[in-house]
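Q: below are the sequence and a predicted model for it; my questions follow.
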Amino acid sequence: MAPRTLASTWRHFEKLARAYLRGEKPRKKVVVDLDELSGKVNKSRIVEALAMIMVQNRHGLEEVVVRFAASGEDGVYPDWESRFDEEAGVIELNPVGIVRFVHECQDAAEKLRTPDARESFKTYRLHAYLAELAKLPSQLALYLHLLREVARQLQVTHVERKGGGTEEVDDERYMTLLWAFKEIEHFFADEHGVSLRSEYGILWYESDWIIGKK
């Protein structure tokens, strides 16, 4: 059997997660397969590499590890894409939540045409940005949410207040996704000499800046 790679692992996760989200029967078998895959990957060097490359090079996160989530006792996967267990020092990645996010990005361009998307500037901006992210390979959504969790822990969306203290800027989801894309863009440029914007036609430039501290 060929060694497991992140690319092949993610394709397997994505196939199972799509089946889960479609509600295919027998769903219990899909959940078992997803849980087993998470367990196997969590014992592999894949999670070690993700933590070392994306997380542990950040000040204060040197001991944080990465794990893929499994279903709950009810056999249901959670709604979130990623979360940080501070007590355990673990960033958990939910493959079902991340594939659900990929679907959201794929649907974003259509949603831009609806009245709901024009409720406010922030809503429209988020959907427009998600439509751009839909151009990326789905595996990069995994990186986006891993780095989005890093952004939360580093409090990149917090700014100093006059008189002391900090406060969080509006639209945390949008801002942390911006920061995550910027970090991925730099990683691919530095490590692989690849421009994600040129390669996939990304036409969003607000990620050149981010409010807060890196």
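A: That came through, no problem. Residues are numbered from 1 along each chain as shown.

Q: tell me which helix or strand comes right after the helix or strand of the chain with the lowest mean pLDDT.
A: Sorting the helices and strands of the chain by mean pLDDT, DSSP states H and E puts strand 166-168 at the bottom, at a mean of 51. Remark: after strand 166-168, the chain's next helix or strand is helix 172-192, criterion DSSP states H and E.

Q: quick one: average confidence on that next one?
A: Mean pLDDT, computed over helix 172-192, is 93.

Q: now for it, which elements pack on it?
A: Under the contact criterion of 3 or more Cβ pairs under 8 Å, 6 or more residues apart in numbering; DSSP states H and E, helix 172-192 touches helix 121-133, helix 139-154, helix 196-200. Where you see a C-beta, it was placed from the backbone N, CA and C, and this is true even at glycine.

Q: can I get the ones you listed in JSON lines including distance to P78, mean neighbour count and mean pLDDT?
A: Converted to JSON lines, those look like this (distance: least, Cβ to Cβ, whole Å; neighbours: other Cβ atoms under 10 Å; pLDDT from 0 to 100):
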{"stretch": "helix 121-133", "distance to P78": "20", "mean neighbour count": "17", "mean pLDDT": "91"}
{"stretch": "helix 139-154", "distance to P78": "13", "mean neighbour count": "22", "mean pLDDT": "95"}
{"stretch": "helix 196-200", "distance to P78": "29", "mean neighbour count": "15", "mean pLDDT": "94"}
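
Q: nearest to M54, out of these?
A: Ranking the helices and strands packed on helix 172-192 by proximity to M54 (Cβ to Cβ) places helix 139-154 first, at 5.3 Å.

Q: that closest one packs against which elements?
A: Applying 3+ Cβ pairs under 8 Å, 6+ apart, we find helix 139-154 packed against helix 6-22, strand 82-85, strand 90-93, helix 95-111, helix 172-192.

Q: can you list contacts of it?
A: 6-7, 10, 50, 54-55, 58, 60-61, 64, 66, 81-84, 91, 93, 97-99, 101-102, 105, 133, 157, 175-177, 179-181, 183-184, 196, 213-214 (Cβ atoms under 8 Å, 6 or more residues apart in numbering).

Q: SS state for the nearest residue to Y200 once chain neighbours are set aside?
A: Of all residues not flanking Y200 in the chain, K135 sits nearest, at 4.6 Å (Cβ to Cβ, 6 or more residues apart in numbering). What DSSP: H, G, I helix; E, B strand; the rest coil gives for K135 is coil.

Q: ok, K135 - contacts?
A: Shown in contact with K135 (Cβ under 8 Å, 6+ apart): 200-202.

Q: so where's the protein shaky on pLDDT?
A: The model of the chain has pLDDT under 70 over residues 1-3, 158-170, 206-214.

Q: centre-most residue in it?
A: The chain has H145 as the residue nearest its centroid, 1.6 Å off, counting by Cα atoms, centre = their mean.

Q: quick one: it from G39, how far?
A: H145 is 20 Å from G39, where distance means Cβ to Cβ, to the nearest Å.

Q: thanks a lot, see you next time.
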